[in-house]
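*Asks:* this is a predicted model, with the sequence first.
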Amino acid sequence: EPEVTQTPSHQVTQMGQEVILRCVPISNHLYFYWYRQILGQKVEFLVSFYNNEISEKSEIFDDQFSVERPDGSNFTLKIRSTKLEDSAMYFCASSEAPAYNSPLHFGNGTRLTVT
Amino acid sequence: SQQGEEDPQALSIQEGENATMNCSYKTSINNLQWYRQNSGRGLVHLILIRSNEREKHSGRLRVTLDTSKKSSSLLITASRAADTASYFCATGSWGANNLFFGTGTRLTVIP
């Protein structure tokens, strides 16, 4: 069964550094998402992406964050200047149709640790 | 906040028993979805129920939806140790390209 893959599985970075989290969505999916989860707590929506542009974003997704689909297969989340509170699991997801009408398929996440 | 609230936060049962988890939400929805998360892993979609549906089944899973009460329940029958995981409800509103997740129920099934 096709799956969403995320790399790396674990990223350690120093405060103030830039990080790029990578995702390969399921190939025939058109809608892409980033969520984060702090230490097994609630799953928080960051951003959704369709047709090469952001369709929705949350308050968390401020100017420090950006997303890109640099080619036909990858979907990336960049954090420009990491803060301690950015430490979390970051999940990428994709879907065939918009989230209000379709299940999301999640990757296994990247654990980001900011020291 | 549009996020849902699951109840209970944690549930511990014996293998073979049924597990019921509840979800309440605040906004009008187009669909409600349930997901499962094993420790340290991604979320796995279990079932999607639309706002015009009242009940849906998938294997040992039964989901109900009451839009008048803005609530849903997930029933897992004949639980197994392998069902141990966190379960989240998520709501999707018409036209919105996101899902808002609840706080989750941590289910432990004791063999």
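*Replies:* Here it is on my side, so go on.
*Asks:* quick one, strands of chain B?
*Replies:* B:5-7, B:10-14, B:19-24, B:31-37, B:43-50, B:55-58, B:61-66, B:71-76, B:85-92, B:100-101, B:105-110 (DSSP state E).
*Asks:* which SS class is the residue nearest to A:Y33 when sequence neighbours are not counted?
*Replies:* Of all residues not flanking A:Y33 in the chain, A:A93 sits nearest, at 4.3 Å (C-beta to C-beta, 6 or more residues apart in numbering or on different chains). Just so you know, the C-beta spots here come from the backbone N, C-alpha and C atoms, and that holds for glycine as well. A:A93 falls in the strand class when you classify it by DSSP: H, G, I helix; E, B strand; the rest coil.
*Asks:* my guess is A:A93 meets A:H29, correct?
*Replies:* No. Contact criterion C-beta atoms under 8 Å: A:A93 and A:H29 do not qualify, at 9.1 Å.
*Asks:* for A:P70, see how far away A:D63 is.
*Replies:* A:D63 sits 20 Å away from A:P70, going by C-beta to C-beta, to the nearest Å.
*Asks:* how about A:G107?
*Replies:* With distances taken as C-beta to C-beta, A:G107 is found 17 Å from A:P70.
*Asks:* could you confirm whether stretch B:31-44 reaches chain A?
*Replies:* Yes. Stretch B:31-44 lies within reach of chain A by C-beta under 8 Å from any C-beta of the partner chain, at B:31, B:33, B:35, B:39-44.
*Asks:* which residues are in contact with that stretch?
*Replies:* By C-beta atoms under 8 Å, 6 or more residues apart in numbering or on different chains, the list of residues contacting stretch B:31-44 from outside reads A:4, A:40, A:43, A:91, A:93, A:100-101, A:103-104, A:106-109, B:23, B:25, B:45-51, B:61, B:63, B:65, B:72, B:74, B:85-92, B:99, B:101, B:104.
*Asks:* returning to what we had before: TSV please, covering the strands of chain B and showing mean neighbour count and mean pLDDT.
*Replies:* Formatted as TSV, those follow (neighbours: other C-beta atoms under 10 Å in any protein chain shown; pLDDT from 0 to 100):
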stretch	mean neighbour count	mean pLDDT
strand B:5-7	19	84
strand B:10-14	13	96
strand B:19-24	20	96
strand B:31-37	24	96
strand B:43-50	19	96
strand B:55-58	12	97
strand B:61-66	18	98
strand B:71-76	20	97
strand B:85-92	25	94
strand B:100-101	24	92
strand B:105-110	18	96
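*Asks:* which residues of chain A lie near chain B?
*Replies:* When proximity is defined as C-beta under 8 Å from any C-beta, chain A approaches chain B at A:4, A:31, A:33, A:35, A:40-45, A:48, A:50, A:55-56, A:58, A:91, A:93, A:98-109.
*Asks:* just the buried residues of the residues you listed.
*Replies:* A:4, A:31, A:33, A:35, A:42-45, A:48, A:55-56, A:58, A:91, A:93, A:98-109 (16 or more other C-beta atoms under 10 Å in any protein chain shown).
*Asks:* hang on, the earlier thing: A:C23: which of the residues of stretch B:31-44 next to chain A is nearest?
*Replies:* For these, the minimum distance to A:C23 (C-beta to C-beta) is 11.0 Å, reached by B:G42.
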